[in-house]
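> Can you look at this prediction? I've put the sequence above it.
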Amino acid sequence: MRLAEGGTHIDRSRPLSFTFDGRAYQGFAGDTLASALLANDVRVVARSFKFHRPRGVFGVGLEEPSALVTIVRGPDREPNLRATEVQLSDGLVACSQNAWPSVRFDLAAINGWLAPLLPAGFYHKTFKWPRWSWYEGAIRRTAGLGRIAGTADATRESKRFHHCDVLVIGAGAAGRAAAEAAAQRGADVTLVDSGRIATLPNVRALPNTTAIGCYEDRLVAAIERIGDRQRLWKIRAAEIVFATGATERPLVFENNDRPGVMLASAVGAYLERYAVVPGRNVAFFTNNDSVYPIAEALRSRDVVVSTIVDTRRDDAVLDSRRVDCDVLAVSGGFNPNLQLFSQAAGKLRYDEKLAAFIPGEAPPGLRCVGAAAGEIDGGVAPRWRSPGNPRKQWVDLQYDVTVADVELAAREGFSSVEHLKRYTSVGMAPDQGKTSDVNALALLGEITGRAIGDVGTTTFRPPYHPVTIAALAGARTGSLAQRYRRLPVAWHEKNGGVMEDHSGWLRAAFYRRDGESEAQAIAREVRAARFGAALFDSSSLGKIEVFGRDAAEFLNRLYVNNVKTLAPGRLRYGMMLGENGVIKDDGVFGCLAPDHYLVCTSSSGARDVAFWMEEWRQCEWRELDVRIVPQTAQWATLTVSGPKSREIVARLGVDIDLSAQAFPHMHVRSGSVALKGDPQVRVRRASYTGEMSFEIDIAAEHADLLWSRLLELGAAENITPLGMEALDVLRVEKGFLEVGVDTDGETTPLDVGWGEAIAKKPEDFLGRRSLSRPAQQRADRLQLVGLQPEDPQLFLPVGVHAVDDAGAPIGHVTSSCVSPTLNRSVAMARIRGGAKRSGEVIAIDIDGTRHRARICDRAFYDPQGARLNG
Amino acid sequence: MGIANALQNSALGLAWHALRGHRHWRPFWRTPEPRASYDVVIVGGGGHGLATAHALATKHGVRSVAVLEKGWLGGGNTGRNTTIVRSNYLATPSARFYDHSLKVYEGLSRALDYNVMFIPRGVVNLATSRFQLRTMRRRVEALRLAGVDSEMLDVEAIRALMPRLQIRSTAGCEVFGGFIQRRAGIARHDAVAWGYARAADRAGVDIIQNCEVTGFERNGDEIRSVQTSCGRIGVDKVAICVAGHSSVLAEKLGLRLPITSMALQAMVSEPIKPVLDVVLDGGFYVSQSDRGELVMGGGTDVYTSYAQRSGLQRVEDNMAALVDLFPSFARLRFMRQWAGIIDLTPDSSPIIDAIGNVALSCGWGSWGFKAIPAGGECLAHLIATGKPHPLAEAFSLERFTTGALIDEAGSSGGMDDREPLL
Amino acid sequence: MAELDAKRLLTGTVSTLQDLVGWRPPSEPNTSAHTPDGLCLWLRPDQWLLFGGIAVRHRGSTAVLDVSSRWTTFTVALDALAAGCSLDLRERAFAVGRCAQTRIEQVPVIVHRRSADQFDVLVERPLAHYFGLWLEAVGK
Amino acid sequence: MKRIDCPWCGPRAENEFTWGGEAHIVRPGLSCGDGQWRDYLFTRSNPRGAHQERWCHTYGCAQWFHVARDTLTHRIERVYAIDEGPVDATG
């Protein structure tokens, strides 16, 4: 009921209406859902986790173990909220959870009657026959607490980094004093509190903000509540003051979980803040002095306080005496809130006088003040259990753990506090044992005859209080969930390009045209490259510039190839290995000048290779005069490929002689192009399609212009944009390998036919030593070969395996296509000892059926490479 | 008490005990004083150590066995992992090994007379690009030929398995397909340790908790005794099953290993009614426990660490991944996080080998829980017969010298790579 | 966004670059300096970013490269920046004129403090679209 | 999240850095034996305690440097230049 006057937190001039389980109620601005429900004499608000026992409001803050509700907002619902943390708002819709048909009458309460059969860990002792899965479904459905919405929550939560000299957690008297003192020292102080904060001079106050985690080097995560949204603060402080107060613990006795049984401090707080008394006749049950002022306050407001049972006095009479009351306010003493302090590696020690854990040794920059430091009026007479049925005495209200469960755990040998926790699940509930942990381990100590200090406490784990997943995800949802790189040419997306993730870049898989299937589109693009001209955006190609007197020596240590013989203006295809001998990346590299080289890498390898080059330069080869500048993002790369490519590029007006004689295959030239501002271009005659190709590097800002220009200039030849899928077909026809596709984490250059080339190189290079290990020399390794199915139209899906007569796998297909050019199915495969098996016919297993295929050379199309030179 | 023993773990037993107020349950394991010596001393009271002891006692008749645990049973990675049990590994030796383990899991509750709550929910991996889809097919085919169940899934099948999964996100991220191992699932991690401990204890194994190994005494190449916080214990053979602390024990033995210890973060949400019926695996993995919590993990803190400290970055990354996959989980609450110290090998495959009279089981990284039964059997076989178990031949130390690595980086759950700026 | 402004990357040592371009780039890490050719940010002990269009050239391992297209520049207010940037942005720690390379969410960035509340944030072009979306999202 | 004191940029958040593994491992020449090569590639001291390692300020100045760090407490005892040799393991 609500008293006529008073209430420091409520504004009686602003009544609010809300509903709980469909019934309409009234409250005031400033109320929590809990205070408003109590004001309306709603006593049963929830059902317990396991036994579905009726539960009411038990506490007043984040420690609340019982009154878990679901808040409904249109289609969206937020389950498992403590009624004590929900600020009342007009039109708030709350409902109970984990109860059917209703919280007042819940069929699952049958579990209560079955309680004797459901002790801690009962499910481990049965449900073994015939198998657990026969029972699991049903048990699963009865477990869990609330339900979540079926629909997405579109809103994004925000985050905020913050730095300060001193962070004070908790704005009680001690916290405010600490903050004021620090501010007077001239420190930059931030003060956070879950509730309201009265302003202090020169102190940054963050009200409605709960510190949830204390991480390394004094990083504190805190959640600010803004209406029904949350903001994650990541606060880095030079010094942290824990003024986190203390939480009252209940006394353990029969039916101590009944609605109406509440923490005495909560009863006091409801009276003071909300002028709410949870009943008409209040009795107290305590083992310390903290309840007497509360009783006084109640009496002074004409509330009947029928009795105060103080275990230090009346223990004897407990069993005999009957006390009439509708509220039983209990106090079993106080636990300093040291969860955050402990997360920050602060040590705890047990204090006999307080019968609680208090701060021990503190890491540098951390300290506790006030109740958190153990500054609590003592006089506690510990009392961990009561006479009577242990199965009816609750230790952990949230997960329904009773004294009997703790006894059973001890009896079965789970005498470590961590075992107790895991066996009975005490302290494992969302409240993480705020009201139960000390009671549980004290009880365990009592049962196993150990001092509480020796039993020790379990580690406290973040978060101190549960946080919505949305708050932790922050902005990284929806369009920000995946961080893709974008090509400099915007044309693709607007012109049918089907953009897909290719190693972190959004690239066109193919370009869709009306009435065309995907396969038709790909075939069309392939034909354009083979017989006309194709235009390809290869801007994601890694481009790393290497400068310096020792550039050649440096690269010669990285590549399996001989770099030193490369003349200015020339390109070479090369491979790099990890020190384990496995192929790391491949691509062309060029000599622009004796002290200036260009390294091209795969799109996926670009950053990794540059990083790896720097590591060797800085850490191992400091004597070399060389500098590395990755320029992938600076240079767009547009590739014109196909027999008609030269004439089209010629029309661009580049000041480079494009003739075959002046500019042959595998050469690189620089110049400028006749576009606005005569931008510089770097042209490479390298080819991944097997046709004559011109790879044109141009500053990315000009890429759009160059792309559309090339489309115009090639209109007559029907120049065709080329997608990744068509490119894949083209390179498979040529038998060009793709690192990571035709190779994996075990493939060495010896496995792809580079043995002789390597033998020619005199010097060491990264990974070379690994190649001479026995396993890398074996003849039966998976070696990359070409494969032609005897049925020319039979497509060999990538991943299908070759098998021997016994059906054992001897390799697998790595790349494959039905070549539109050759009008037959061709593939690359890694086959055991494949290098020496050319011409052999092997069996390919596709979904259990065997198909014959012949091992052959990888270069299916234009093996001599005549078309490259053009 | 005869009845009490006869009726230990069964519904009937439960009822019998209920009538007597559950006052007659026996301890799961004795708490014996260590003897002067044992045939085999196993260092490490986690799943692997306990399963090894159990196999030695029950399969090889070695009764003089002690398990030394410096803390409490199952307190390491056995009690900290995300409980996924699967055998969908790429390399055939791995697939065979883990599949044997999975087969044991299927009957483990009955074998141990203790319900470890293994439930074959099915483990699903998603392909979010054509490239991944092709790579996946290779794995599925290899598994099929190795006799391990696994099948490709198209988008419709995936939608049916996970109605809440977002197939195509606004960012252009798209699910192209995936694959499932239907026999794979989850189990209750603590129960596996307790079940093995209980069975091993009943088979005569001495389980000694709060007993830390401080050193070894050798005679020539042989270890003759183990020095512990509970005194000196003579041994014929020693087994090391200490996961993330393998290098620390090895150092006491004068060995150096190809192992790096790192912290793996795991986390759970508040319990809710069922929302996810399969296990989703990959770089980020999530399943729903029987209690209703979403159990999640993904990404290792990539540097040597023995500190079981929680970090914030992984939580932010993983929760972002979760909301991208399941937008309707956004208002659900993150409840608890913790970390375990994992022992990573260069090829993400384990080491089961012996040096002199020391048997070594390590390199279990983030994938050790699923391997407990097979790991225990293979190590016990090695200890008892002196020969590697056929299922574990590939997992020798020698492979790091010969280069015959078994690269499972792709299917082990792996590490995340931090992309360089440069 | 001011993409078309010419930018140059300078690599070398303070003295070799002085020989090449005629002035000394700032040697103090994470600071900027106004040079005869424009504002110059320290990026690495051997790399600087120049907001200016001097000639591209190189001499051995000392070089001037065109990076006009490499980075896209955003102007970002303190509050928006603090939503994703873990740097200590208090003025005493990060005064006007200071610069730093760091990350915002998953995006590598160069941050330069132009005024008490105004920052230049440079993002490599392929990620500029993503960063723009992020900025929009945190602006709300 | 830890903070690491970059010799050039000062204290920065852990997620700006990349760990480069154990420091002061000498790369043997081509003529070394398989065992020596194995030790170089794979064998690590992986200590529970004092550890000397390489870090790179990847998202910052991209410079590599040495760190002497306790792997149990994560406390950084010392940050030193990439061209400095090993420090006495006792820190």
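That came through fine.
> drop to CA atoms for contacts and neighbour counts, all remaining ones
Fine.
> Next, the contact list for the closest residue to residue B:230 other than its chain neighbours, please.
By the measure of Cα to Cα, 6 or more residues apart in numbering or on different chains, the closest residue to residue B:230 outside its immediate chain neighbours is residue B:211, 5.8 Å from it. If a contact means Cα atoms under 8 Å, 6 or more residues apart in numbering or on different chains, then residue B:211 has B:68, B:69, B:70, B:71, B:228, B:229, B:230 as its contacts.
> how close does residue B:211 get to residue C:68?
65 Å (Cα to Cα, to the nearest Å).
> Tell me the spacing between the closest residue in space to residue C:70 that isn't next to it in sequence and residue C:54.
Distances taken as Cα to Cα, 6+ apart place residue A:634 nearest to residue C:70, at 3.9 Å, with adjacent residues excluded. Residue A:634 is 16 Å from residue C:54, where distance means Cα to Cα.
> between these two, which one's more packed in?
Under the neighbour definition other Cα atoms under 10 Å in any protein chain shown, residue A:634 and residue C:54 were set side by side, and residue A:634 has more, 25 against 16.
> Wait, residue A:615 touches residue D:62, no?
No - look at residue A:615 against residue D:62 with Cα atoms under 8 Å: they stay out of range, at 9.4 Å.
> Between these two, point out the one with more neighbours.
Taking other Cα under 10 Å, residue A:615 and residue D:62 do not tie; residue D:62 has more neighbours (25 against 19).
> touching chain B at all, stretch A:161-181?
No - legend: contact between stretch A:161-181 and chain B by Cα under 8 Å from any Cα of the partner chain is lacking; minimum distance shown is 12.9 Å.
> Going by neighbour count, which residues in that stretch are buried?
A:161-172, A:174-180 (16 or more other Cα atoms under 10 Å in any protein chain shown).
> Out of these, name the ones that lie in strands.
Applying DSSP state E to those, the entries found in strands are A:161, A:162, A:163, A:164, A:165, A:166, A:167, A:168, A:169.
> pLDDT score assigned to the residue nearest the centre of chain C?
Nearest residue to the geometric centre of chain C (Cα atoms, centre = their mean): residue C:110, 4.8 Å. Reading off the per-residue confidence, residue C:110 sits at a pLDDT of 98.
> element containing the one residue sitting closest to the centre of chain D, please.
Most central residue of chain D, judged by C-alpha distance to the mean C-alpha position with Cα atoms, centre = their mean, is residue D:53 at 1.4 Å. Residue D:53 is part of strand D:50-56, with elements assigned from DSSP states H and E.
> For that strand, name the packing helices and strands.
If you count contacts as 3 or more Cα pairs under 8 Å, 6 or more residues apart in numbering or on different chains; DSSP states H and E, strand D:50-56 packs onto strand D:18-22, strand D:64-70.
> Describe which strands it pairs with in its sheet and in which direction.
Within its sheet, strand D:50-56 is paired with strand D:18-22 (antiparallel), strand D:64-70 (antiparallel), according to DSSP bridges.
> Could you report the separation of residue B:46 from chain C?
If you measure residue B:46 against chain C using Cα to the nearest Cα, to the nearest Å, the figure is 37 Å.
> For the residue lying closest to that residue once chain neighbours are set aside, what are phi and psi?
The shortest distance from residue B:46 to any residue other than its chain neighbours is 4.4 Å, reached at residue B:74 (Cα to Cα, 6+ apart). Here is the backbone geometry of residue B:74 (degrees, to the nearest 10): phi 70, psi 20.
> How about the residues of chain D by chain A?
By the criterion of Cα under 8 Å from any Cα, the positions of chain D lying close to chain A are D:1, D:2, D:3, D:30, D:34, D:37, D:41, D:63, D:64, D:82, D:83.
> most neighbours, which of those?
For the residues of chain D next to chain A, neighbours were counted by other Cα under 10 Å; the highest total belongs to residue D:64, with 27 neighbours.
> which residues touch residue A:188?
Residue A:188 makes contact with A:164, A:165, A:166, A:182, A:202, A:203 under the criterion Cα under 8 Å, 6+ apart.
> Also residue A:522?
With Cα under 8 Å, 6+ apart, residue A:522 has these contacts: A:510, A:723, A:725, A:726.
> Filter the residues you listed down to the ones in helices?
Judged by DSSP state H, helices contain the following of those: A:725, A:726.
> Could you list the domains of chain A?
Chain A resolves into domains spanning A:155-248+A:333-378, A:384-469, A:485-539+A:635-730, A:542-630, A:735-868 when parsed by automatic domain parsing.
> now the ones you listed in a markdown table, with mean pLDDT and distance to residue B:198?
Putting the domains of chain A into a markdown table (pLDDT from 0 to 100; distance: least, Cα to Cα, whole Å) gives the following:
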| stretch | mean pLDDT | distance to residue B:198 |
| --- | --- | --- |
| domain A:155-248+A:333-378 | 96 | 33 |
| domain A:384-469 | 93 | 10 |
| domain A:485-539+A:635-730 | 97 | 49 |
| domain A:542-630 | 97 | 44 |
| domain A:735-868 | 97 | 41 |
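> In a markdown table: the ones you listed, plus distance to residue B:166.
Formatted as a markdown table, the domains of chain A follow (distance: least, Cα to Cα, whole Å):
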| stretch | distance to residue B:166 |
| --- | --- |
| domain A:155-248+A:333-378 | 16 |
| domain A:384-469 | 16 |
| domain A:485-539+A:635-730 | 16 |
| domain A:542-630 | 26 |
| domain A:735-868 | 27 |
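> The ones you listed: which one's closest to residue D:25?
The stretch from those with the least distance to residue D:25 (Cα to Cα) is domain A:542-630; that distance is 10.3 Å.
> Mind listing the strands the strand or helix carrying residue C:48 pairs with, and their directions?
Counting by DSSP H and E, the secondary-structure element that holds residue C:48 is strand C:47-51. Strands flanking strand C:47-51 in the sheet, each with its direction: strand C:8-11 (antiparallel), strand C:38-44 (antiparallel) (DSSP bridges).
> among the ones you listed, which is the most enclosed?
Comparing the strands paired with strand C:47-51 on average neighbours per residue, with mean count of other Cα atoms under 10 Å in any protein chain shown, the densest one is strand C:8-11 at a mean of 25.
> what pLDDT, on average, does it get?
Per-residue pLDDT values across strand C:8-11 average out to 98.
> next one: stretch A:56-71
Along stretch A:56-71, the predicted local confidence has a mean pLDDT of 96.
> Quick check: residues of chain D near chain C?
Close to chain C, as judged by Cα under 8 Å from any Cα, chain D has residues D:8, D:9, D:12, D:13, D:16, D:59, D:60, D:61, D:62, D:63.
> which of those residues count as buried?
Neighbour-count burial (16+ other Cα under 10 Å) is assigned, among these, to D:8, D:9, D:12, D:13, D:16, D:59, D:60, D:61, D:62, D:63.
> out of the residues you listed, which one sits closest to residue B:284?
Residue B:284 lies nearest to residue D:16 out of these, by Cα to Cα, at 21.3 Å.
> Same list (the contacts of residue A:522) but as a markdown table, adding distance to chain C and neighbour count.
As requested, the contacts of residue A:522 are arranged in a markdown table below (distance: Cα to the nearest Cα, whole Å; neighbours: other Cα atoms under 10 Å in any protein chain shown):
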| residue | distance to chain C | neighbour count |
| --- | --- | --- |
| A:510 | 20 | 24 |
| A:723 | 19 | 27 |
| A:725 | 22 | 20 |
| A:726 | 23 | 26 |
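> Get me the contact residues on chain C for chain B.
Where proximity means Cα under 8 Å from any Cα, the interface of chain C facing chain B comprises residue C:108.
> which residues in chain C form strands?
In order along the chain, chain C carries the following strands (DSSP E): C:8-11, C:32-35, C:38-44, C:47-51, C:57-59, C:62-66, C:71-77, C:99-104, C:107-113, C:118-124.
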